[in-house]
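Novice: Turn this into a structure:
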Amino acid sequence: MSGNAKMSKQMRILHTADVHLDRQYSGLGMNASIAAARRQELRDAFRRFIDLALELRVDAVTIGGDLYEHERSTLDTGNFLAQQFARLGQTPALIAPGNHDPIVPASLYRRVAWPPNVAIFGEPRFRAFRLANGVTVWGAGHDGPDLRQNLLEGFRVRAEGTHVLLFHGSDLHAVPEGKRAHCGFRPEDIERTGAQFALLGHYHNACLYPAEAPRFAYPGSLETLDFSEAGQHFVLRLDVGSGATRAELLPFGRVRYVTHTLDVAGMTTSEELRSGIAACVDREAIVRVVLEGLLEPDIELDVPALYNACAESFRFLDIVDRTEPAYSLESLALESTTKGAFVRLMQSRLASLAGSERETAELALRFGLQAFERREVIVP
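Specialist: Numbering: from 1, shown residues only. Reported below is the predicted structural model:
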(Lines give C-alpha, C1' and ligand atoms only; values in the text may rest on other atoms or scores of the structure.)
Protein backbone atom coordinates (compact mmCIF):
# COMPACT_ATOMS: atom_id res chain seq x y z
CA MET A 1 0.00 0.00 0.00
CA SER A 2 1.15 3.52 -0.66
CA GLY A 3 -0.31 6.99 -0.62
CA ASN A 4 0.30 10.63 0.08
CA ALA A 5 -1.75 13.25 1.90
CA LYS A 6 -4.54 12.39 4.32
CA MET A 7 -7.81 12.58 2.41
CA SER A 8 -11.28 13.76 3.34
CA LYS A 9 -14.46 12.62 1.58
CA GLN A 10 -12.71 9.61 0.15
CA MET A 11 -14.17 7.70 -2.77
CA ARG A 12 -13.28 4.04 -3.03
CA ILE A 13 -12.78 2.26 -6.37
CA LEU A 14 -12.21 -1.46 -6.87
CA HIS A 15 -10.35 -2.19 -10.09
CA THR A 16 -9.62 -5.30 -12.13
CA ALA A 17 -8.71 -6.18 -15.71
CA ASP A 18 -7.78 -9.10 -17.96
CA VAL A 19 -10.37 -11.53 -16.62
CA HIS A 20 -10.49 -13.28 -20.04
CA LEU A 21 -13.86 -14.99 -19.64
CA ASP A 22 -14.47 -17.63 -22.34
CA ARG A 23 -10.73 -18.28 -22.64
CA GLN A 24 -9.96 -21.23 -24.90
CA TYR A 25 -7.13 -22.95 -22.92
CA SER A 26 -6.32 -25.25 -25.85
CA GLY A 27 -2.68 -24.15 -25.81
CA LEU A 28 -2.22 -25.94 -22.47
CA GLY A 29 -3.32 -29.27 -23.91
CA MET A 30 -6.47 -29.39 -21.80
CA ASN A 31 -9.35 -31.53 -22.96
CA ALA A 32 -12.82 -30.01 -23.31
CA SER A 33 -14.06 -30.85 -19.82
CA ILE A 34 -10.93 -29.58 -18.06
CA ALA A 35 -10.94 -26.38 -20.14
CA ALA A 36 -14.59 -25.86 -19.22
CA ALA A 37 -13.67 -26.18 -15.54
CA ARG A 38 -10.96 -23.52 -15.98
CA ARG A 39 -13.49 -21.18 -17.62
CA GLN A 40 -15.90 -21.74 -14.74
CA GLU A 41 -13.12 -20.76 -12.32
CA LEU A 42 -12.85 -17.42 -14.13
CA ARG A 43 -16.59 -16.84 -13.72
CA ASP A 44 -16.33 -17.75 -10.06
CA ALA A 45 -13.47 -15.27 -9.67
CA PHE A 46 -15.50 -12.46 -11.23
CA ARG A 47 -18.44 -13.28 -8.96
CA ARG A 48 -16.06 -13.02 -5.98
CA PHE A 49 -14.84 -9.68 -7.33
CA ILE A 50 -18.39 -8.35 -7.18
CA ASP A 51 -18.78 -9.90 -3.71
CA LEU A 52 -15.70 -7.99 -2.58
CA ALA A 53 -17.00 -4.73 -4.06
CA LEU A 54 -20.19 -5.12 -2.06
CA GLU A 55 -18.26 -6.05 1.08
CA LEU A 56 -16.01 -2.99 0.78
CA ARG A 57 -18.96 -0.74 -0.11
CA VAL A 58 -17.05 0.81 -2.96
CA ASP A 59 -18.25 3.86 -4.84
CA ALA A 60 -17.38 2.37 -8.25
CA VAL A 61 -15.87 -0.70 -9.87
CA THR A 62 -13.66 -0.33 -12.92
CA ILE A 63 -12.60 -2.84 -15.58
CA GLY A 64 -9.45 -2.13 -17.57
CA GLY A 65 -10.29 -4.24 -20.61
CA ASP A 66 -10.13 -7.90 -21.72
CA LEU A 67 -13.09 -8.73 -19.53
CA TYR A 68 -13.89 -11.54 -21.97
CA GLU A 69 -12.48 -12.91 -25.24
CA HIS A 70 -14.62 -11.67 -28.12
CA GLU A 71 -13.85 -14.45 -30.61
CA ARG A 72 -15.20 -17.13 -28.23
CA SER A 73 -17.72 -15.06 -26.27
CA THR A 74 -21.30 -16.21 -25.82
CA LEU A 75 -24.50 -14.45 -24.86
CA ASP A 76 -24.55 -16.71 -21.82
CA THR A 77 -21.37 -14.96 -20.66
CA GLY A 78 -22.81 -11.54 -21.48
CA ASN A 79 -25.95 -12.26 -19.47
CA PHE A 80 -23.84 -13.58 -16.59
CA LEU A 81 -21.87 -10.30 -16.55
CA ALA A 82 -25.06 -8.22 -16.69
CA GLN A 83 -26.45 -10.12 -13.70
CA GLN A 84 -23.25 -9.62 -11.72
CA PHE A 85 -23.13 -5.88 -12.43
CA ALA A 86 -26.83 -5.59 -11.50
CA ARG A 87 -25.94 -6.87 -8.02
CA LEU A 88 -24.10 -3.57 -7.47
CA GLY A 89 -27.38 -1.64 -7.54
CA GLN A 90 -26.64 2.01 -8.28
CA THR A 91 -22.86 1.66 -7.84
CA PRO A 92 -21.26 2.50 -11.22
CA ALA A 93 -19.45 -0.22 -13.14
CA LEU A 94 -17.10 1.46 -15.64
CA ILE A 95 -15.60 -0.59 -18.48
CA ALA A 96 -12.78 0.35 -20.86
CA PRO A 97 -12.71 -2.39 -23.55
CA GLY A 98 -9.32 -3.82 -24.55
CA ASN A 99 -7.85 -5.63 -27.52
CA HIS A 100 -9.53 -8.96 -26.65
CA ASP A 101 -12.97 -7.42 -25.99
CA PRO A 102 -13.09 -4.45 -28.38
CA ILE A 103 -16.39 -2.69 -28.85
CA VAL A 104 -17.08 -3.83 -32.41
CA PRO A 105 -20.55 -4.32 -33.98
CA ALA A 106 -20.93 -7.96 -32.82
CA SER A 107 -19.43 -7.48 -29.35
CA LEU A 108 -21.28 -8.36 -26.19
CA TYR A 109 -21.08 -4.68 -25.29
CA ARG A 110 -23.57 -3.99 -28.09
CA ARG A 111 -25.68 -7.16 -27.85
CA VAL A 112 -26.43 -7.40 -24.12
CA ALA A 113 -29.05 -5.44 -22.18
CA TRP A 114 -26.75 -3.93 -19.56
CA PRO A 115 -28.16 -2.60 -16.28
CA PRO A 116 -28.26 1.20 -15.94
CA ASN A 117 -25.22 1.34 -13.61
CA VAL A 118 -22.91 0.06 -16.39
CA ALA A 119 -20.99 2.62 -18.46
CA ILE A 120 -18.86 1.41 -21.38
CA PHE A 121 -16.22 3.68 -22.89
CA GLY A 122 -16.60 2.74 -26.53
CA GLU A 123 -14.23 5.15 -28.27
CA PRO A 124 -10.43 5.49 -28.39
CA ARG A 125 -10.57 8.94 -26.80
CA PHE A 126 -11.21 9.90 -23.21
CA ARG A 127 -14.71 10.66 -21.98
CA ALA A 128 -15.63 11.75 -18.46
CA PHE A 129 -17.72 9.89 -15.92
CA ARG A 130 -18.26 11.98 -12.82
CA LEU A 131 -18.49 10.32 -9.44
CA ALA A 132 -19.29 12.26 -6.25
CA ASN A 133 -17.04 14.57 -4.26
CA GLY A 134 -15.23 16.04 -7.25
CA VAL A 135 -13.86 12.71 -8.52
CA THR A 136 -13.93 12.10 -12.29
CA VAL A 137 -13.00 8.91 -14.13
CA TRP A 138 -11.83 9.44 -17.70
CA GLY A 139 -12.19 6.29 -19.81
CA ALA A 140 -11.23 5.26 -23.33
CA GLY A 141 -11.77 1.93 -25.07
CA HIS A 142 -10.61 -0.16 -27.99
CA ASP A 143 -12.89 0.01 -31.01
CA GLY A 144 -10.89 -2.76 -32.71
CA PRO A 145 -8.38 -5.46 -31.76
CA ASP A 146 -5.32 -3.72 -33.20
CA LEU A 147 -5.49 -0.23 -31.70
CA ARG A 148 -1.93 1.09 -31.43
CA GLN A 149 -2.22 4.82 -30.88
CA ASN A 150 -1.06 6.47 -27.67
CA LEU A 151 -4.40 7.47 -26.15
CA LEU A 152 -2.67 9.96 -23.85
CA GLU A 153 -1.20 11.98 -26.71
CA GLY A 154 -2.52 15.51 -26.44
CA PHE A 155 -5.02 14.71 -23.68
CA ARG A 156 -5.08 17.16 -20.76
CA VAL A 157 -7.31 17.47 -17.70
CA ARG A 158 -8.48 21.08 -17.29
CA ALA A 159 -11.04 20.96 -14.47
CA GLU A 160 -10.46 21.00 -10.73
CA GLY A 161 -10.96 17.93 -8.56
CA THR A 162 -9.42 14.46 -8.58
CA HIS A 163 -9.03 12.80 -11.99
CA VAL A 164 -8.45 9.12 -12.70
CA LEU A 165 -7.73 7.60 -16.11
CA LEU A 166 -9.09 4.19 -17.15
CA PHE A 167 -7.81 2.40 -20.25
CA HIS A 168 -6.14 -0.72 -21.67
CA GLY A 169 -2.58 -0.04 -22.75
CA SER A 170 1.10 -0.92 -22.63
CA ASP A 171 3.71 0.81 -20.51
CA LEU A 172 6.46 0.90 -23.15
CA HIS A 173 9.16 0.79 -20.47
CA ALA A 174 8.00 -2.67 -19.39
CA VAL A 175 6.63 -4.60 -22.37
CA PRO A 176 6.97 -8.31 -21.48
CA GLU A 177 8.76 -10.56 -23.95
CA GLY A 178 6.28 -11.88 -26.49
CA LYS A 179 3.61 -9.31 -25.55
CA ARG A 180 2.47 -6.91 -28.28
CA ALA A 181 2.12 -3.25 -27.38
CA HIS A 182 -1.41 -1.84 -27.48
CA CYS A 183 -1.98 1.89 -27.00
CA GLY A 184 1.62 2.21 -25.86
CA PHE A 185 2.56 5.05 -23.53
CA ARG A 186 5.40 6.18 -21.28
CA PRO A 187 4.97 6.99 -17.58
CA GLU A 188 5.70 10.66 -18.24
CA ASP A 189 2.67 10.76 -20.58
CA ILE A 190 0.39 10.12 -17.59
CA GLU A 191 2.12 12.89 -15.66
CA ARG A 192 1.48 15.35 -18.49
CA THR A 193 -2.28 14.71 -18.55
CA GLY A 194 -2.73 16.28 -15.10
CA ALA A 195 -4.60 13.22 -13.83
CA GLN A 196 -3.72 11.94 -10.38
CA PHE A 197 -3.82 8.23 -11.24
CA ALA A 198 -4.33 5.75 -14.11
CA LEU A 199 -6.13 2.42 -13.76
CA LEU A 200 -4.86 0.10 -16.47
CA GLY A 201 -5.20 -3.31 -18.07
CA HIS A 202 -3.16 -5.47 -20.46
CA TYR A 203 -0.32 -6.87 -18.34
CA HIS A 204 -1.35 -9.98 -16.41
CA ASN A 205 0.99 -9.56 -13.45
CA ALA A 206 0.26 -6.81 -10.93
CA CYS A 207 2.36 -3.65 -10.84
CA LEU A 208 2.27 -0.32 -8.99
CA TYR A 209 4.43 2.35 -10.63
CA PRO A 210 6.45 3.92 -9.20
CA ALA A 211 6.35 1.61 -6.18
CA GLU A 212 6.94 4.32 -3.56
CA ALA A 213 4.27 6.77 -4.79
CA PRO A 214 2.23 5.12 -7.56
CA ARG A 215 0.75 7.13 -10.43
CA PHE A 216 -0.62 4.12 -12.31
CA ALA A 217 -1.29 0.43 -11.71
CA TYR A 218 -1.94 -2.85 -13.44
CA PRO A 219 -3.97 -5.14 -11.18
CA GLY A 220 -3.05 -8.19 -13.27
CA SER A 221 -5.53 -10.91 -14.12
CA LEU A 222 -7.98 -12.05 -11.45
CA GLU A 223 -6.66 -15.60 -11.67
CA THR A 224 -3.48 -17.12 -13.04
CA LEU A 225 -4.23 -17.90 -16.69
CA ASP A 226 -1.24 -20.06 -17.60
CA PHE A 227 2.14 -21.28 -16.39
CA SER A 228 3.87 -18.01 -17.31
CA GLU A 229 1.81 -16.15 -14.66
CA ALA A 230 2.73 -18.14 -11.55
CA GLY A 231 2.44 -16.32 -8.24
CA GLN A 232 -0.17 -14.35 -6.32
CA HIS A 233 -2.85 -12.44 -8.25
CA PHE A 234 -4.63 -9.33 -7.03
CA VAL A 235 -7.34 -6.73 -7.39
CA LEU A 236 -6.63 -3.06 -6.83
CA ARG A 237 -8.31 -0.80 -4.29
CA LEU A 238 -7.94 2.91 -5.00
CA ASP A 239 -9.01 5.56 -2.48
CA VAL A 240 -9.34 8.99 -4.07
CA GLY A 241 -10.33 12.44 -2.94
CA SER A 242 -9.12 16.01 -2.39
CA GLY A 243 -6.55 15.64 -5.16
CA ALA A 244 -4.85 12.64 -3.50
CA THR A 245 -4.83 8.89 -4.17
CA ARG A 246 -3.94 5.79 -2.21
CA ALA A 247 -3.48 2.49 -4.05
CA GLU A 248 -3.38 -1.00 -2.54
CA LEU A 249 -3.12 -4.41 -4.15
CA LEU A 250 -5.42 -6.91 -2.43
CA PRO A 251 -4.52 -10.64 -2.71
CA PHE A 252 -7.32 -12.33 -4.61
CA GLY A 253 -6.58 -15.28 -6.89
CA ARG A 254 -7.19 -18.86 -5.80
CA VAL A 255 -5.91 -20.84 -8.80
CA ARG A 256 -2.23 -21.81 -8.68
CA TYR A 257 -0.05 -22.96 -11.58
CA VAL A 258 3.14 -24.76 -10.57
CA THR A 259 6.03 -26.00 -12.74
CA HIS A 260 8.39 -28.76 -11.59
CA THR A 261 11.58 -29.77 -13.43
CA LEU A 262 12.45 -33.48 -13.30
CA ASP A 263 16.03 -34.38 -14.25
CA VAL A 264 16.04 -37.82 -15.89
CA ALA A 265 19.83 -38.23 -15.82
CA GLY A 266 20.74 -41.47 -14.09
CA MET A 267 17.30 -43.02 -14.44
CA THR A 268 17.24 -46.48 -16.04
CA THR A 269 13.52 -47.41 -16.13
CA SER A 270 10.22 -45.79 -17.02
CA GLU A 271 9.06 -46.68 -13.51
CA GLU A 272 11.52 -44.13 -12.14
CA LEU A 273 9.96 -41.54 -14.43
CA ARG A 274 6.49 -42.33 -13.07
CA SER A 275 7.73 -42.14 -9.49
CA GLY A 276 9.39 -38.78 -10.14
CA ILE A 277 6.18 -37.35 -11.62
CA ALA A 278 4.07 -38.78 -8.79
CA ALA A 279 6.30 -36.96 -6.28
CA CYS A 280 5.09 -33.65 -7.79
CA VAL A 281 1.44 -34.23 -6.81
CA ASP A 282 -0.33 -31.08 -5.59
CA ARG A 283 -4.10 -31.41 -5.37
CA GLU A 284 -4.56 -27.65 -5.05
CA ALA A 285 -2.52 -26.65 -8.10
CA ILE A 286 -2.42 -27.01 -11.87
CA VAL A 287 0.90 -28.80 -12.35
CA ARG A 288 3.36 -28.99 -15.23
CA VAL A 289 6.26 -31.45 -15.02
CA VAL A 290 9.13 -30.71 -17.40
CA LEU A 291 11.36 -33.71 -18.14
CA GLU A 292 14.92 -32.58 -18.78
CA GLY A 293 18.39 -34.09 -19.05
CA LEU A 294 20.07 -36.95 -20.92
CA LEU A 295 17.71 -39.91 -21.30
CA GLU A 296 19.22 -43.38 -21.39
CA PRO A 297 18.33 -45.03 -24.72
CA ASP A 298 16.94 -48.13 -22.96
CA ILE A 299 14.18 -46.10 -21.26
CA GLU A 300 10.84 -46.19 -22.99
CA LEU A 301 9.61 -42.60 -22.77
CA ASP A 302 5.93 -42.56 -23.74
CA VAL A 303 4.43 -39.24 -22.58
CA PRO A 304 0.77 -40.23 -23.17
CA ALA A 305 1.32 -43.43 -21.18
CA LEU A 306 2.99 -41.48 -18.36
CA TYR A 307 0.08 -39.05 -18.33
CA ASN A 308 -2.49 -41.87 -18.17
CA ALA A 309 -0.59 -43.49 -15.31
CA CYS A 310 -0.26 -40.32 -13.23
CA ALA A 311 -2.98 -37.81 -14.15
CA GLU A 312 -5.65 -39.23 -11.86
CA SER A 313 -3.67 -38.07 -8.82
CA PHE A 314 -3.52 -34.45 -10.03
CA ARG A 315 -6.06 -31.67 -10.33
CA PHE A 316 -4.50 -31.10 -13.76
CA LEU A 317 -1.21 -32.46 -15.10
CA ASP A 318 0.83 -31.35 -18.09
CA ILE A 319 4.00 -33.26 -19.02
CA VAL A 320 6.58 -31.61 -21.27
CA ASP A 321 9.40 -33.70 -22.75
CA ARG A 322 12.63 -31.74 -23.14
CA THR A 323 14.97 -34.68 -22.67
CA GLU A 324 17.86 -35.45 -25.00
CA PRO A 325 19.00 -38.98 -25.82
CA ALA A 326 22.23 -40.08 -24.13
CA TYR A 327 23.79 -41.31 -27.35
CA SER A 328 26.87 -43.55 -27.56
CA LEU A 329 28.46 -42.05 -30.66
CA GLU A 330 31.12 -44.74 -30.72
CA SER A 331 28.48 -47.46 -30.99
CA LEU A 332 26.40 -45.55 -33.51
CA ALA A 333 29.45 -44.94 -35.73
CA LEU A 334 29.92 -48.73 -36.05
CA GLU A 335 26.41 -49.25 -37.41
CA SER A 336 26.10 -50.10 -41.12
CA THR A 337 23.03 -47.86 -41.38
CA THR A 338 22.17 -44.42 -42.69
CA LYS A 339 22.32 -43.19 -39.10
CA GLY A 340 25.78 -44.71 -38.69
CA ALA A 341 26.97 -43.06 -41.92
CA PHE A 342 25.60 -39.71 -40.69
CA VAL A 343 27.48 -40.04 -37.38
CA ARG A 344 30.75 -40.94 -39.14
CA LEU A 345 30.39 -37.97 -41.50
CA MET A 346 29.72 -35.52 -38.67
CA GLN A 347 32.57 -36.91 -36.57
CA SER A 348 35.00 -36.37 -39.43
CA ARG A 349 33.83 -32.78 -39.81
CA LEU A 350 33.99 -32.12 -36.06
CA ALA A 351 37.62 -33.22 -36.01
CA SER A 352 38.58 -30.21 -38.14
CA LEU A 353 36.42 -27.57 -36.46
CA ALA A 354 36.83 -25.37 -33.40
CA GLY A 355 35.03 -22.61 -31.52
CA SER A 356 31.57 -21.54 -32.66
CA GLU A 357 31.78 -23.64 -35.84
CA ARG A 358 32.31 -26.78 -33.75
CA GLU A 359 29.41 -25.85 -31.46
CA THR A 360 27.14 -25.44 -34.50
CA ALA A 361 28.23 -28.81 -35.89
CA GLU A 362 27.63 -30.51 -32.52
CA LEU A 363 24.10 -29.10 -32.49
CA ALA A 364 23.58 -30.34 -36.06
CA LEU A 365 24.70 -33.82 -34.97
CA ARG A 366 22.33 -33.83 -32.02
CA PHE A 367 19.38 -32.51 -34.04
CA GLY A 368 20.10 -35.00 -36.81
CA LEU A 369 20.00 -37.92 -34.39
CA GLN A 370 16.74 -36.63 -32.93
CA ALA A 371 15.31 -36.45 -36.46
CA PHE A 372 16.33 -40.05 -37.11
CA GLU A 373 14.27 -41.03 -34.09
CA ARG A 374 11.36 -38.89 -35.29
CA ARG A 375 11.62 -36.76 -32.17
CA GLU A 376 10.55 -33.14 -32.16
CA VAL A 377 13.60 -30.96 -32.81
CA ILE A 378 13.61 -27.92 -30.52
CA VAL A 379 16.15 -25.30 -31.58
CA PRO A 380 17.31 -23.18 -28.58
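Novice: all helices for the protein, in order.
Specialist: When secondary structure is read from DSSP state H, the chain shows helices at 32-56, 75-86, 108-111, 187-193, 270-278, 303-310, 329-333, 338-350, 355-372.
Novice: Quick one, which of the ones you listed gets closest to residue 167.
Specialist: Taking CB to CB as the measure, the helices of the chain were each checked against residue 167, and helix 187-193 came out nearest at 10.3 Å. Every residue, glycine included, has its C-beta placed from N, CA and C.
Novice: contacting residues around residue 362?
Specialist: The neighbours of residue 362, taking CB atoms under 8 Å, 6 or more residues apart in numbering as the test, are residue 350.
Novice: For it, give its distance to residue 31.
Specialist: The spacing between residue 362 and residue 31, counted by CB to CB, to the nearest Å, is 39 Å.
Novice: Dead centre of this structure: give me the residue that sits there.
Specialist: For the chain, the residue nearest the mean C-alpha position is residue 204 (4.3 Å; CA atoms, centre = their mean).
Novice: so that residue makes contact with residue 227?
Specialist: No. Shown here, residue 204 and residue 227 do not form a contact pair, counting by CB atoms under 8 Å, at 12.0 Å.
Novice: Identify the residues contacting residue 232.
Specialist: With contacts defined as CB under 8 Å, 6+ apart, the neighbours of residue 232 are 251, 253.
Novice: pLDDT score assigned to it?
Specialist: The pLDDT attached to residue 232 in the predicted structure is 94.
Novice: Where do the strands of the stretch 201-350 of the chain begin and end?
Specialist: Assigned by DSSP state E, counting those that start in this stretch, the strands in the stretch 201-350 of the chain fall at 207-209, 216-218, 234-241, 244-251, 256-263, 285-295, 316-325.
Novice: So which elements touch the fifth one?
Specialist: It stands for strand 256-263. When contacts are defined as 3 or more CB pairs under 8 Å, 6 or more residues apart in numbering; DSSP states H and E, strand 256-263 packs onto helix 270-278, strand 285-295.
Novice: Just tell me which of these ends up closest to residue 173.
Specialist: Each of the helices and strands packed on strand 256-263 has some distance to residue 173 by CB to CB; the shortest is strand 285-295, at 30.2 Å.
Novice: Report all helices and strands that the closest one contacts.
Specialist: Taking 3+ CB pairs under 8 Å, 6+ apart as contact, the helices and strands that strand 285-295 lies on are strand 256-263, helix 270-278, strand 316-325.
Novice: buried sites along the shortest one?
Specialist: Put plainly, it is strand 256-263. 256-257, 259, 262 (16 or more other CB atoms under 10 Å).
Novice: tilt between it and helix 270-278?
Specialist: 150 degrees (axes from the mean of the first three to the mean of the last three CA atoms, to 10 degrees).
Novice: Direction included, what does strand 256-263 pair up with?
Specialist: The pairing partners recorded for strand 256-263 under DSSP bridges are strand 285-295 (parallel).
Novice: can you pull the buried residues of the partner strand?
Specialist: When burial is assessed from 16+ other CB under 10 Å, strand 285-295 yields the following buried residues: 285-291, 295.
Novice: Quick one: the residues you listed as TSV, columns for pLDDT too.
Specialist: Compiled in TSV, these are given as follows (pLDDT from 0 to 100):
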residue	pLDDT
285	93
286	93
287	95
288	95
289	97
290	97
291	97
295	90
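Novice: ok, and the closest non-adjacent residue to residue 195?
Specialist: Leaving out its chain neighbours, the residue that sits closest to residue 195 by CB to CB, 6 or more residues apart in numbering is residue 163, at 4.2 Å.
Novice: Could you report the distance from that neighbour to residue 155?
Specialist: Remark: distance between residue 163 and residue 155 (CB to CB) = 11 Å.
Novice: Looking at these two, which is more packed in?
Specialist: A direct count of neighbours by other CB atoms under 10 Å for residue 163 and residue 155 places residue 163 higher, at 24 against 18.
Novice: Who does the more buried one form a beta bridge with?
Specialist: In this structure, residue 163 has the following beta-bridge partners (DSSP bridges): residue 136.
Novice: when you give positions from now on, start the count at 55
Specialist: That works, and once the first residue is 55, the last one we named lands at residue 217.
Novice: contacting residues around it?
Specialist: Taking CB under 8 Å, 6+ apart as the contact definition, residue 217 lies against 189-190, 192, 211, 247-250.
Novice: Go through the helices and strands packed on strand 339-349 and name the closest to residue 243.
Specialist: Each of these was checked against residue 243 via CB to CB, and the shortest separation belongs to strand 310-317, namely 33.2 Å.
Novice: who's in contact with residue 328?
Specialist: 360, 363-364.
Novice: Residue 256 now?
Specialist: Residues in contact with residue 256, defined by CB under 8 Å, 6+ apart, are 71-72, 118-120, 152-153, 222-224, 233, 236, 272.
Novice: With residue 359 instead?
Specialist: residue 324.
Novice: Check the spacing between it and residue 314 real quick.
Specialist: For residue 359, the distance to residue 314 under the criterion CB to CB works out to 19 Å.
Novice: And residue 139, by the same measure?
Specialist: Residue 139 is 40 Å from residue 314, where distance means CB to CB.
Novice: Give me the distance between residue 264 and residue 108.
Specialist: 32 Å.
Novice: These two: which is more packed in?
Specialist: residue 108 (14 against 10).
Novice: Might you list the low-confidence residue ranges for the stretch 55-204 of the chain?
Specialist: Low-confidence segments of the stretch 55-204 of the chain, defined by pLDDT under 70: 55-62, 80-83.
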